[in-house]
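[1] The sequence isn't on hand, but the structure is:
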């Protein structure tokens, strides 16, 4: 129940301990954290992958210096 409804129904405000102990708080926090990490990892992976595909310096990992000229 949100704070506005609690005030209208003359219910006492929820304490911080009750709010932090509520399972819906932790479920929402975990889902938010999970989606943020997934999006950050996707951006990092795609930026590295797409950069390497189009890079003129791209080479196979096991290529020797003689083959690559470096």
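    In hand now; what should we look at? Fair warning: this is a prediction, and the values are worked out from it, not measured in the lab.

[2] Report how many residues lie close to residue 65.
    Residue 65: 7 surrounding residues under other Cβ atoms under 10 Å. (Glycine included, C-beta is placed from N, CA and C.)

[3] next one: residue 47
    Residues lying near residue 47 (other Cβ under 10 Å) number 10.

[4] how close does it sit to residue 32?
    Computed as Cβ to Cβ, to the nearest Å, the residue 47 to residue 32 distance reads 23 Å.

[5] for the protein, which spans come out with low pLDDT?
    By pLDDT under 70, the low-scoring segments of the chain are 1-8, 54-63, 67-70.

[6] Please enumerate the helices of the chain.
    Ranges of helices in the chain, per DSSP state H, are 3-8, 16-21, 23-54, 65-68.

[7] what residues does the second one touch?
    The one in question is helix 16-21. residue 25 (Cβ atoms under 8 Å, 6 or more residues apart in numbering).

[8] And for residue 53, the neighbour number?
    Residue 53 sits with 8 neighbouring residues when counted by other Cβ under 10 Å.

[9] how near is it to residue 64?
    Residue 53 sits 22 Å away from residue 64, going by Cβ to Cβ.

[10] And residue 22, by the same measure?
    Counting by Cβ to Cβ - residue 22 and residue 64 are separated by 60 Å.

[11] out of those two, which sits in the busier spot?
    Under the criterion of other Cβ under 10 Å, the comparison of residue 22 against residue 64 puts residue 22 first, with 12 against 9.

[12] roughly how far apart are that one and residue 9?
    The separation that residue 22 has from residue 9, given Cβ to Cβ, amounts to 18 Å.

[13] same deal with residue 48?
    Going from residue 48 to residue 9 by Cβ to Cβ gives 53 Å.

[14] Repeat that for residue 43.
    In terms of Cβ to Cβ, residue 43 sits 44 Å off from residue 9.
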